[in-house]
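**Q** Sequence plus the predicted model coming up.
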Amino acid sequence: MQDVGYIPLFLALVVSVYSAFTYFYGGEKGNGVLLESARNSLIASCVLISLAAGALYYSLITNDFQNEYVASYTSRDLSLVYRLSAFWAGNDGSLLFWGWLLSILAVIMVLQKRDIGRELVPYSAGVVMCTLAFFLIISLFIANPFQRLSFVPPDGQGLNPLLENEGMFFHPPLLLAGYVGFTIPFAFAMSALLTRRLGDEWLVVIRRWTLIAWLLLAVGNLFGAWWAYVELGWGGYWAWDPVENASFLPWLVGTAFLHSIMMQRRRGILKIWNMVLIIITFNLAILGTFLVRSSVLASVHTFAESPALGVAFLAFIGISLFGSVALLYYRSDELHSEAEMESMVSRESTFLLNNLLLVGAAFSILLGTFFPIISEAVRGVKTSVGPPFFNQVNGPIFLAIILLSGICTLIGWKRASVKNLVRNFLWPTVAAVILAIILVVLGINNVAAIVGFVVCAFVLFTILSEGIRGTIARRRMRPQNYLSAFAGLILANRPRYGGYMVHIGVLLFAMGVIGSSVFNIEAEASIKPGESMSIGRYVLTYEKMDNFETQSKTTVSATLSVSNSGERLGRLVAEKYFHRNHQNPVTEVAIKSTLIEDLYVILVGWDQDGTTAFKVLINPLVSWLWIGGVVLVVGALVAFWPERRRRQERTARDGEDV
Amino acid sequence: MGRMFKVMRLNRLLPSVLVLFVLSLVPLQVYALTVSEMTKQFICQCGCTAVLDNCTHAECSIRDEMTNLVRQRVEQGKTEAEIVSFFVGRYGEKVLASPPKKGFNLTVWITPFAAILAGAAIIYIVIKKWVRRGRAVEMTTSDADSTEHDEEYEIRLEKELKDFESRGFR
């Protein structure tokens, strides 16, 4: 099977280099025949990489343990689903997956029907093919998943048991797809610079590409957080680990980009800034791909690979950064904005401030992530930059971002009139103040938490009041009931109201973060069967401990019965797995989840005499993280949904008008 | 009066944002010292980079050793500062979950906010320039302080939605 994987991969490299060259040359000369050939070779490279990917899948499914990659990440007892997921469980496979995804996106990009931006396609396809060629070089010469062993091992080493979780089936491919997805907007930006087509055209083309990459990255991170929460067993969902940070960075700058392109489209400003943002986003995505594979920063996630890989990635980032910035510099004269404004207080200024804060948050996370290296270089002293730093620095920045997003909703474009401001701010402010009073009356004395909740609530109310006002206004204009007026409102401008839904998702998520990080409590106890421990209003009675043997592992499970304020809630089973192929046991936590709080039970260890140690946490509002995540996804899909049907309708209606 | 109000609003907003930033630099008060509160401040030294309190890696043998050291000292009634300095002495500064706010380390704490403030200053100057450019146009257009009644809101909304249909997203 080696050659079936290796040869197509090599041919794909040749073909993609040819395609990139022909796209640039054909684009320059305006030669249709060349462009046609470039397009065909782009498609051919996708087919070839798919063949290679198919070969790897075949090796994974058939337990071809002579393949070093298959032997390292699977074993005979692994279920089919996880054998398939081993494709991206290791460094070599995940890099091939990166290239494969990019080639698929490239095909979609060149085959897409477009009314606008056709002239941009050759150069952007050229940029994409250059990126693809880089990843193929890596897959062929540095991290080849088709290496053969000189012998056939009887069984593989098996997948890291921590990765045997549904979340792991989705988290890596979605995250990678997000990283890969940002290549397309970057490529169009470069194409716009190269072709001097610097109007709104490229923004129209890339909006949905950016949105889907952004969404995939968001969902990837949400799955990662969920996986960490249910599988890692420390009760948290985000550890500010360098690799987590690396996947958060392009998302933050991508968020800024998605917002600031609205400014360019509506007001013709921030043209250079938008270019800068997409250049940063793309390079952060590559950096994120690289950090997982480097030993530059210590992290639990890293694959620990050869230094050649690091050199190759740094060289690629260097070239792409230098090239794109130089290009931007040469075109900067043609990117002047036609800005004019009527007031300091306007939606534009809140957008600009929010853009600044998003990039500022990304900068602080980048700085914190790399500070251990900086510190060691400057002072020769090793430091750690962990959650206390990121929470203290980013907490207020994120709160300010949320607050501004609410203010932004209430302020019109160009300028804000005073009476308007007062009227728009009145009800959300009143509602937020009432909430603050309720929180204080309920006995919450953590100022930071109260401020956080009140800000989130204020913004939530502004979005709701915007929706209500819009619905009422629409109903008055057309004879229909409130429900269809509301639906009509959302459908009439899906990007806008989808965006608001995303904001609501973020707010719910933020409330979950505040609740679970400020009000969590924990208790540890060593008890024998029959004994109880209590935490908050919960009483947990330890019933029994069991042992199960399966082919691949021994499971030790502790059963506890739980009651809340005297009311029985049922049983929880906390477990530890001892896998045969892996030295270290895996903790399977037991979680009882409600909308208010999660009861989170960790089986820590046990003695010969039956004494068992438990760590129990109460994590308030964690459910809202996942609910917020779902709302965010729905909102983003609403904003993403194509407009074709509406355009046809409009053409039909315009026809009637004539 | 209208313009004054606007200026006031901006002036009121900026300090509160500033206060939020400054607040974040003030360390949080610790009321009653528990083992968990202390282990949240340290990084497990086995190389896993996790916060000691969160480290669940079975292979981290040093985790239990560190936790026991914390427990002993908490039980002996040592203060937070004493425990911290003991750990820094034993493992070096890298044992702290975040760099102490002094000396060179201040750069990592201050630079993000300094950068954001610098950015805000640039934005202020840029918008001021745009507003000055816009004022010239404004002379010919309508009064800035006109109230927007329901009907006007409806008209604006309809216009914005129509605008969207013809010009795409915003």
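**A** Here it is on my side, so go on.
**Q** Low-confidence ranges, the chain, go.
**A** Assuming you mean chain A. Scanning chain A for pLDDT under 70 picks out A:1-2, A:294-305, A:412-417, A:643-658.
**Q** Wait, chain B was what I had in mind.
**A** B:1-32, B:58-59, B:137-154, B:156, B:158-170.
**Q** All the strands of it, residue numbers only.
**A** Assigned by DSSP state E, the strands in chain B number zero.
**Q** counting residues per helix, which one in chain B is longest?
**A** Counting by DSSP state H, the longest helix found in chain B is helix B:106-138.
**Q** ok, that helix near chain A or not?
**A** Yes - using C-beta under 8 Å from any C-beta of the partner chain, we find that helix B:106-138 touches chain A at B:108-109, B:111-113, B:115-116, B:119-120, B:123, B:126-128, B:130-131, B:133-138. All C-beta atoms are positioned from the backbone trio N, CA, C, and that covers glycine.
**Q** Quick one, which of these are buried?
**A** Neighbour-count burial (16 or more other C-beta atoms under 10 Å in any protein chain shown) applied to the residues of helix B:106-138 next to chain A gives B:108-109, B:111-113, B:115-116, B:119-120, B:126-127, B:130-131, B:134, B:138.
**Q** Closest one to residue B:99 out of these, please.
**A** The nearest member of those to residue B:99, counting by C-beta to C-beta, is residue B:108 at 6.1 Å.
**Q** Now that closest one: closest residue in space, sequence neighbours ignored.
**A** Nearest residue to residue B:108 in three dimensions, chain neighbours excluded: residue A:371, at 4.6 Å (C-beta to C-beta, 6 or more residues apart in numbering or on different chains).
**Q** Tell me the first helix or strand C-terminal of the one helix or strand residue A:351 maps to.
**A** Residue A:351 is part of helix A:347-379 when elements are defined by DSSP states H and E. Downstream of helix A:347-379, the next assigned helix or strand under DSSP H and E is helix A:387-410.
**Q** C-alpha coordinates for that following helix, CSV please?
**A** The C-alpha trace of helix A:387-410 is given here as CSV (Å, rounded to 0.1, in the frame of the first residue of the first chain):
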residue,chain,number,x,y,z
PRO,A,387,-4.5,30.9,33.6
PRO,A,388,-4.2,33.6,36.3
PHE,A,389,-2.4,35.9,33.8
PHE,A,390,-4.8,35.2,30.9
ASN,A,391,-7.9,35.6,33.1
GLN,A,392,-6.8,38.8,34.7
VAL,A,393,-5.6,40.4,31.5
ASN,A,394,-8.3,39.2,29.1
GLY,A,395,-11.2,39.2,31.5
PRO,A,396,-11.6,42.9,31.4
ILE,A,397,-10.8,43.1,27.7
PHE,A,398,-13.5,40.6,26.8
LEU,A,399,-16.0,42.3,29.1
ALA,A,400,-15.3,45.6,27.3
ILE,A,401,-15.7,43.9,23.9
ILE,A,402,-19.1,42.5,25.1
LEU,A,403,-20.2,45.9,26.4
LEU,A,404,-19.2,47.6,23.2
SER,A,405,-21.0,45.1,21.1
GLY,A,406,-24.2,46.1,23.0
ILE,A,407,-23.6,49.8,22.7
CYS,A,408,-22.8,49.3,19.0
THR,A,409,-26.2,47.7,18.4
LEU,A,410,-27.9,50.8,19.8
